[in-house]
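Participant: one predicted model, sequence on top.
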Amino acid sequence: YQAKRAGEPTMAYTHARDTADVERLMLTGDLRRAVDRQEFTVDFQPIVDLGSGEVISAEALARWHHPGQGNLDPVQFLETVERSGQLPAFADAVLDQSLVAMRTWREAGFDLPVAVNVSPRSLLDPDFPAAVLSRLERHEVPADRLVLELAETLTISQLDVVARVLAELRDAGVRLAVDDFGTGVSSLSVLSRIPVHQLKIDQEFVATVETSAEAAAVIRTTVDLARNLHLTVVAEGVESEPQRRALWELGCLAGQGHLFARPLSAARFLGTLQRGSAGRPGALAAALHDA
Ligand code: C2E
Ligand code: MG
Ligand code: MG
Ligand code: MG
């Protein structure tokens, strides 16, 4: 038995850190090829009317089909993408695939807004608005069909630059959602300084909405705030019928989650649109009949 000296990492810690570094290095090398070889794909999760089940929009979620490691989720690779210098190429690939899907769905008669997640780092790049707008033009998708989702991880000092970049996109018609609302430290200052259209309620609050008075109060307050600021609200991670009902009763009208559908390929998403609802076939027809 050896006493640890204060400040000295344990063996286990050192080993874990080395492993993480090695994995990151390997992924960084793989990244250079991943964009060219089209190993990144995008799945789309339906966002539905919590009353009728009708699909009203979609969120684009990136996936990496790594030849050696199988399918990787964004939490496993986003940090590496950001550190590697490959972020612009990755973001372009995600946006391109999202716009291709939007165009295909439009041609099939479904003109839906699609939300694409953006890294804060992209928003610090003054060339970002022009890159987004030229891609919208190339894919012939109207700017007001694109929603950019930004998590509240910005520092106050970054806000000024980001505010300028976002104002440029807003002026062109692109809309902005604050992702994971309520989990960051600067939610309210973000709202007063950047042009926001939508708040997304984090799944942390949705998970306990019908059992925790605090979670319900956070959601009710977010819904009121959104109403007063003329913003829309979407709840994330809706997994059960009691959660759906509780959200609806709190005034939250839209949501996404496994109750309705998991993220789907663009082709399967179109199939869902053609059936009229996600997860609850016939819900849309029933709602129209009741009306
Ligand atoms: P997010 O934007 O908050 O996305 C929601 C996450 O919740 C997604 O995880 C989604 O698959 C998952 N989810 C959806 N419904 C449910 C549910 O009912 N229960 C639970 N437990 N989870 C649900 P995913 O796809 O692993 O993405 C994780 C995060 O990675 C996203 O969180 C987003 O911040 C980021 N991300 C994803 N795609 C991109 C991208 O293209 N660019 C950037 N910069 N970030 C991305
Ligand atoms: Mg998101
Ligand atoms: Mg989110
Ligand atoms: Mg979240």
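Facilitator: Arrived safely. Numbers count the residues shown, from 1 in each chain. Ligands and ions are numbered 1, 2, ... in the order given.

Participant: mind checking pLDDT for Asp135?
Facilitator: Slight slip there: residue 135 is Arg, not Asp. Note for Arg135: predicted pLDDT of 97.

Participant: name the element it belongs to?
Facilitator: helix 128-138 (DSSP states H and E).

Participant: and what of Leu191?
Facilitator: Assigned by DSSP H and E, Leu191 belongs to helix 187-193.

Participant: can you list contacts of the helix holding Arg135?
Facilitator: Helix 128-138 is contacted by residues 88, 92, 95-96, 99, 122, 142-143, 146, 148, 165, 168-169, 172, 174 when judged by C-beta atoms under 8 Å, 6 or more residues apart in numbering. Glycine gets a C-beta too; all of them are placed from N, C-alpha and C.

Participant: list the buried residues for that helix?
Facilitator: The neighbour-count check on helix 128-138 (16 or more other C-beta atoms under 10 Å) flags Phe128, Pro129, Val132, Leu133, Arg135, Leu136 as buried.

Participant: in CSV, list these along with distance to Gly237.
Facilitator: Converted to CSV, the buried residues of helix 128-138 look like this (distance: C-beta to C-beta, whole Å):
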residue, distance to Gly237
Phe128, 28
Pro129, 30
Val132, 27
Leu133, 32
Arg135, 29
Leu136, 29
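
Participant: and which of those residues is nearest Phe110?
Facilitator: Of all the buried residues of helix 128-138, Leu136 has the smallest distance to Phe110: 17.8 Å, by C-beta to C-beta.

Participant: how much space separates the closest one from ligand 2?
Facilitator: 19 Å (C-beta to the ion, to the nearest Å).

Participant: now swap in Pro142 and tell me
Facilitator: Counting by C-beta to the ion - Pro142 and ligand 2 are separated by 21 Å.

Participant: got it, and Val233?
Facilitator: 14 Å.

Participant: quick check: bridge partners of that residue?
Facilitator: Beta bridges link Val233 to Leu199 when assigned by DSSP bridges.

Participant: ok, now Gly255?
Facilitator: Assigned bridge partners for Gly255, using DSSP bridges, are Val48, Ala235.

Participant: pretty sure it sits against Ser240.
Facilitator: No. Counting by C-beta atoms under 8 Å, Gly255 stays clear of Ser240, with 11.5 Å between them.

Participant: show me which residues of the stretch 151-291 of the chain are close to ligand 3?
Facilitator: The stretch 151-291 of the chain comes close to ligand 3 at residues Asp179, Asp180, Glu236, as judged by C-beta under 5 Å from the ion.

Participant: nearest residue to the second one in space, please, no chain neighbours.
Facilitator: Nearest-residue entry for Asp180: Asp202, 4.3 Å, with adjacent residues in sequence omitted and distances by C-beta to C-beta, 6 or more residues apart in numbering.

Participant: that neighbour is in contact with Thr208, isn't it?
Facilitator: No. Using C-beta under 8 Å, Asp202 is not in contact with Thr208; the gap is 11.4 Å.

Participant: for the helix or strand containing Ala215, buried residues please.
Facilitator: Assessed by DSSP H and E, Ala215 sits inside helix 213-228. Using 16+ other C-beta under 10 Å as the test for burial, helix 213-228 gives Ala215, Ala216, Val218, Ile219, Thr222, Val223, Leu225, Ala226.

Participant: what residues does this structure have near ligand 4?
Facilitator: Looking at ligand 4, the residues of the chain close enough under C-beta under 5 Å from the ion are Asp180, Asp202.

Participant: any regions of the chain where pLDDT drops low?
Facilitator: Within the chain, the stretches with pLDDT under 70 are 1-26, 185-187, 277-291.

Participant: ok, longest strand in it?
Facilitator: Secondary structure of the chain per DSSP state E: the longest strand is strand 55-66.

Participant: so what are the sheet partners of that strand and their directions?
Facilitator: strand 40-49 (antiparallel), strand 70-72 (antiparallel), strand 114-118 (parallel).

Participant: for the most centrally placed residue in the chain, list the residues it contacts.
Facilitator: Geometric centre of the chain, nearest residue: Asn117, 4.3 Å, by C-alpha atoms, centre = their mean. By C-beta under 8 Å, 6+ apart, the residues touching Asn117 are Glu59, Ala60, Leu61, Ala62, Pro74, Val94, Leu148, Glu149, Leu150, Ala151, Asp179.

Participant: and if we set it to 10 Å?
Facilitator: 59-62, 74, 78, 91, 94, 147-151, 177, 179 (C-beta atoms under 10 Å, 6 or more residues apart in numbering).
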